[in-house]
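Visitor: Turn this into a structure:
(one chain, ligands or ions: 1)
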Amino acid sequence: MKVAVFGLGYVGSVTAACLAANGHDVWGVDVDTAKVDPITQGHSPVVEPGLDELVAAGVAAGKLHATTDPRLALDRADVSLICVGTPSTASGSTDLTYIRRAVRDIAEAAGVVVPPDSGFHSIVVRSTVPPGTVDGVVEHVLAEVPATDGFTFGTAMCPEFLREGSGLADFYDPPFVVVGTRNAKVGTALTDLFGFLGTEVQVVDVRTAEALKYACNAFHATKVSFANEMGRIFRYYGVDSREVMRLFVQDTSLNISPYYLRPGFAFGGSCLPKDLRSVLHLARVNNTDLPLLAGTLATNELTVRDVVDRVVAGPGREVALLGLSFKHATDDLRESPSVELAERLIGKGYHLRIYDAIVNPSRLVGANLRHVKSKLPHLQRVLTDDPAEALRGADVALVSATDTAAIGALLGNPPARTIDLSGRLGANVEALPGYEGVGW
Ligand SMILES: NC(=O)c1ccc[n+]([C@@H]2O[C@H](COP(=O)([O-])OP(=O)(O)OC[C@H]3O[C@@H](n4cnc5c(N)ncnc54)[C@H](O)[C@@H]3O)[C@@H](O)[C@H]2O)c1
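Guide: Numbering: from 1, shown residues only. From the prediction side, this is the model:
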């Protein structure tokens, strides 16, 4: 394949050299001669272990070229990979100037060069860009440039996951290859281009691919700060947090795993809020701030408020709450966010009927009973053991219960709106008219 790589910084130069090493005909383009000239002379324009040798080999084999002229790169090219910078502006927004410029360069060059035999050219963003960029910026710029004879464009987002310092190893062993496109031909072109990696190419919605890179980097940053907050607080208690975290990562069930990573409703229960408050108290008495952990309580509160706001924004005042305990298969109501949700909606004058497969007010005892009495003293009146009864006449159902009776009743008599608090109600429920997810 002939591949044009726009931007020869860390991502572009690694990408160009690796693709050339795997037999593709690669043309790197940069506006900066300080990037182009070293490659032309067989050297890497950036410091990256192993890259100098790979660039030298690619140039010597005639597979790797660099230029400031997009027309040389676009001539008969099948794919353009955009690897230009996307820096922060003063406000923190993403500066897409270089993306716009690169797309315009591609479109204008396509107007004056020979198209590939297929007539089809894939324009693929590898830079990190906010969701909506391919649709709103790339497609928009393409539409502004006069149509070209012979070239038909398809667009995609294919985020890059390499890290500086281990760029080559990361390029050859990516965590995943994800292509966001609605154009099947682009999906096929990238499957061919990256076939040598031996990693399945996952074709997804464009915005999913754009968001994925941000999710990864936000999570990585959160991990670093989490470990640092653990270290900061526990050192006051003579704890070596490296030892704590050595053990922590051995839990691959709950700690380092997909668990707790499904967007949905708030956390609660008898342990997480209590123990989080306890850690924050330890911080306070030691005059230390733990803003990440404090932020988790704040964001949890916002999650409950968001559902209340959604209900209030819609029509009707009859609400069915299916599922009351803080998680599946327990009758523990202590600090259940569903109890909090019920309390707020009742406080706002909504008529609630609540179904829970397990919670039976006559069997509640101890702390559980005290919690319910303080939060929902009229539980007995609004609780039913029949989900159909809870749903009768409801304008909206708030659903965290996934038991067969609840799902069956919902499918049998769906209200105008179903708000999914669990994220796992299944395809049948998601197909209902008026279905809404909380985190998606
Ligand atoms: N650096 C990383 O480790 C890394 C990893 C994954 C993703 N990313 C993302 O990839 C993108 C590129 O990152 P980088 O670190 O390689 O950036 P960089 O600043 O090292 O390189 C960007 C290059 O683009 C060139 N450029 C700007 N406009 C151009 C145009 N119109 N045509 C051709 N070249 C142009 C610049 O001259 C520069 O050489 C960013 O969006 C970044 O967030 C970076």
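
Visitor: for the lengthiest helix in the chain, packing partners?
Guide: Ranked by residue count, the top helix of the chain under DSSP state H comes out as helix 206-234. When contacts are defined as 3 or more C-beta pairs under 8 Å, 6 or more residues apart in numbering; DSSP states H and E, helix 206-234 packs onto strand 152-157, strand 177-180, helix 241-248, helix 272-285, helix 291-313. Using the backbone N, CA and C atoms, a C-beta is placed for each residue, glycine as well.

Visitor: angle of it against strand 152-157?
Guide: Here the directions of helix 206-234 and strand 152-157 differ by 20 degrees (axes from the mean of the first three to the mean of the last three C-alpha atoms, to 10 degrees).

Visitor: Please state the offset of helix 206-234 from the chain centre?
Guide: The chain centre lies 11 Å from the centre of helix 206-234; the measure is C-alpha atoms, centre = their mean, to the nearest Å.

Visitor: Enumerate the positions of that helix that are buried.
Guide: 206-207, 209-213, 225-227, 229-230, 232-234 (16 or more other C-beta atoms under 10 Å).

Visitor: Compare the helices and strands packed on helix 206-234 and give me the one nearest residue 65.
Guide: strand 152-157 (22.4 Å; C-beta to C-beta).

Visitor: how far off helix 272-285 does the longest helix of the chain point, in degrees?
Guide: Using the same axes, to 10 degrees, helix 206-234 lies at 50 degrees relative to helix 272-285.

Visitor: Could you tell me the angle between helix 206-234 and helix 241-248?
Guide: Using the same axes, to 10 degrees: helix 206-234 against helix 241-248 is 130 degrees.

Visitor: need the contact list for the closest residue to residue 52 other than its chain neighbours.
Guide: Nearest residue to residue 52 in three dimensions, chain neighbours excluded: residue 44, at 4.5 Å (C-beta to C-beta, 6 or more residues apart in numbering). When contacts are counted by C-beta atoms under 8 Å, 6 or more residues apart in numbering, residue 44 touches 13, 17, 38, 51, 52, 54, 55.

Visitor: Output the residue of the protein whose distance to the ligand is smallest.
Guide: residue 9 (1.9 Å; C-beta to the nearest ligand atom).

Visitor: Name the helix or strand of the chain that has the lowest mean pLDDT.
Guide: Lowest by mean pLDDT, DSSP states H and E among the helices and strands of the chain is helix 366-375, with a mean of 72.

Visitor: Using PDB, list the CA coordinates for that one.
Guide: The C-alpha coordinates for helix 366-375 follow below in PDB (Å, rounded to 0.1, in the frame of the first residue of the first chain):
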ATOM      1  CA  GLY A 366     -30.700  -3.600  63.000                       C
ATOM      2  CA  ALA A 367     -28.700  -0.900  61.100                       C
ATOM      3  CA  ASN A 368     -30.600  -1.800  57.900                       C
ATOM      4  CA  LEU A 369     -33.900  -1.100  59.600                       C
ATOM      5  CA  ARG A 370     -32.700   2.100  61.200                       C
ATOM      6  CA  HIS A 371     -31.400   3.300  57.800                       C
ATOM      7  CA  VAL A 372     -34.700   2.700  56.100                       C
ATOM      8  CA  LYS A 373     -36.700   4.300  59.000                       C
ATOM      9  CA  SER A 374     -34.600   7.500  58.700                       C
ATOM     10  CA  LYS A 375     -34.500   7.700  54.900                       C
END
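
Visitor: what residue ranges in the protein score low on pLDDT?
Guide: Applying pLDDT under 70 to the chain flags residues 329, 360-364, 368, 371.

Visitor: that older thread, for the residue nearest to residue 52, helix, strand, or coil?
Guide: coil (DSSP: H, G, I helix; E, B strand; the rest coil).

Visitor: Just want the phi and psi numbers for it.
Guide: phi -80, psi 140 (degrees, to the nearest 10).

Visitor: what residues does the stretch 101-250 of the chain put near the ligand?
Guide: 101, 102, 105, 127, 128, 160, 162, 163, 164 (C-beta under 6 Å from any ligand atom).
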